[in-house]
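Visitor: model this:
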Amino acid sequence: MTINSGKQHVDKIDADSRIDPPGGTVITIVVDNRVENGLVEEHGLSLRIETGNRAILFDTGQGKALRPNAEQLGVDLKKINMLVLSHGHYDHTGGVAEVLRLATKADVYCHAGVVQPRYSIRDGKARAIHMPRKSMSAIDELSEERLHWIHEPVMISNTVGITGPVPRETNFEDRGGPFYLDPEGQRVDMIDDDMALWIRTGGGVVVCVGCCHAGLVNTLRYVTELTGKNAIRAVIGGFHLVNADSRRLEETVRALRVIDPEMIVPCHCTGDEATGVLQRELGGRVHPGVAGMTFRF
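Guide: Okay, here's the model as predicted:
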C-alpha cells in the first residue's frame, strides 16, 4: 500500500494481492475540508476510486471544488462510469448535475431517501441541507437502466460492494446532529440512506465512507459481516465525530482497537479534536486526509 501526498509518503508490502483487480485499487481524495498544493477547499467530500475497469466517483462535494480539483489532479470526470452517493446531504451531492453532464454513460447508485427535504435546526433556526434541486433534476432525468436505488447490500463488480442502509447497533453512536425532515423540527431525520462502499483487496477490505451518520463502528462491523469477516485494510472518509462527546470518542477508539484497521484516514466531518484523539490513541495508522492525497492498494 502506498500513500502519495505532498506531505507524506508511506510504503508497505502486502504478502498476498492475488485477488486484487488488475492494476490494484487507487483512491484519490478530490474534495475535502482540508487541501494541499493549491486545491480548492470546501466543506464536503468526494473520492475517485479506480479499481479494475471501474472508474467510480463516491460523492461529489458541494460542487464548486469538484471540477477544478479534478482537473488539477488529473481526474477525468468524463470517464467516470459509476457515481455512488453515500447520502442525500448537499455537501455530498452538490456536484451531481455537473458529473452527469460530463459522464454521459455513468450509472448512479443511491438510496431513494437521498432526494427528500432535509434540515438542520440550531438555536431555533432551520437551514436546508438537502440535495440541491439541480442535482435532484439530473437524477430524475436518468433512464431506469442507469439509476439504481439501493435498499440492501449489493455488489457492483466482482470486488466492489455497497452496504445499503447500515444497521445501528451500538449504544454510543448517533446520527451526529440536529437533523430533521421538516423546518419545524417535528420529524427527526435518522438519515437512513447513509451507506458505505467497500473494495476487496488481497490485503483486506478498503472502506469508503461519506459521513458515517450510521456510526463509524456500526459501519465497519457491518462491512466485516458482509465480507465474511475479512480484515479491514483501510477506512477513508468522513466519520462525523465533530460533535462527539468524550464517551463516544472513548468507545470509538476502544472498538477500533478491536476491529484493528491497518489504516484510518479521517476526512471532512471528523473534526480536528476527534482526529487528534484518533492520532494520539491509535498512532501511526491514522493519516488525516486532505484533498490531493492518493492511496494505492
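Visitor: Quick check: which ranges of the stretch 151-297 of the chain have low pLDDT?
Guide: Within the stretch 151-297 of the chain, not a single segment meets pLDDT under 70.
Visitor: same thing but 90
Guide: Under the criterion pLDDT under 90, the flagged ranges of the stretch 151-297 of the chain are 202, 229-230.
Visitor: What segments of it are helices?
Guide: Assigned by DSSP state H, counting those that start in this stretch, the helices in the stretch 151-297 of the chain fall at 216-226, 246-259, 272-282.
Visitor: For Leu73, find the nearest of the ones you listed.
Guide: Among the helices of the stretch 151-297 of the chain, the nearest to Leu73 by CB to CB is helix 272-282 (22.4 Å). Heads up, the C-betas are built off the backbone N, CA and C, glycines and all.
Visitor: Quick one: distance of that closest one to the chain centre.
Guide: 19 Å (CA atoms, centre = their mean, to the nearest Å).
Visitor: Kindly report the same for stretch 243-254.
Guide: Counting by CA atoms, centre = their mean, stretch 243-254 is centred 20 Å from the centre of its parent chain.
Visitor: And for stretch 173-185?
Guide: Its chain's C-alpha centre lies 20 Å from the corresponding centre of stretch 173-185 when counted by CA atoms, centre = their mean.
Visitor: How far does that stretch stretch from one end to the other?
Guide: 21 Å (CA to CA, to the nearest Å).
Visitor: which parts of that stretch are buried?
Guide: Going by neighbour count (16 or more other CB atoms under 10 Å), the buried part of stretch 173-185 is 173-177, 179-181, 185.
Visitor: can those go into a markdown table with extra columns for distance to Cys267?
Guide: Output for the buried residues of stretch 173-185, formatted as a markdown table (distance: CB to CB, whole Å):
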| residue | distance to Cys267 |
| --- | --- |
| Glu173 | 18 |
| Asp174 | 20 |
| Arg175 | 18 |
| Gly176 | 14 |
| Gly177 | 17 |
| Phe179 | 20 |
| Tyr180 | 25 |
| Leu181 | 26 |
| Gly185 | 29 |
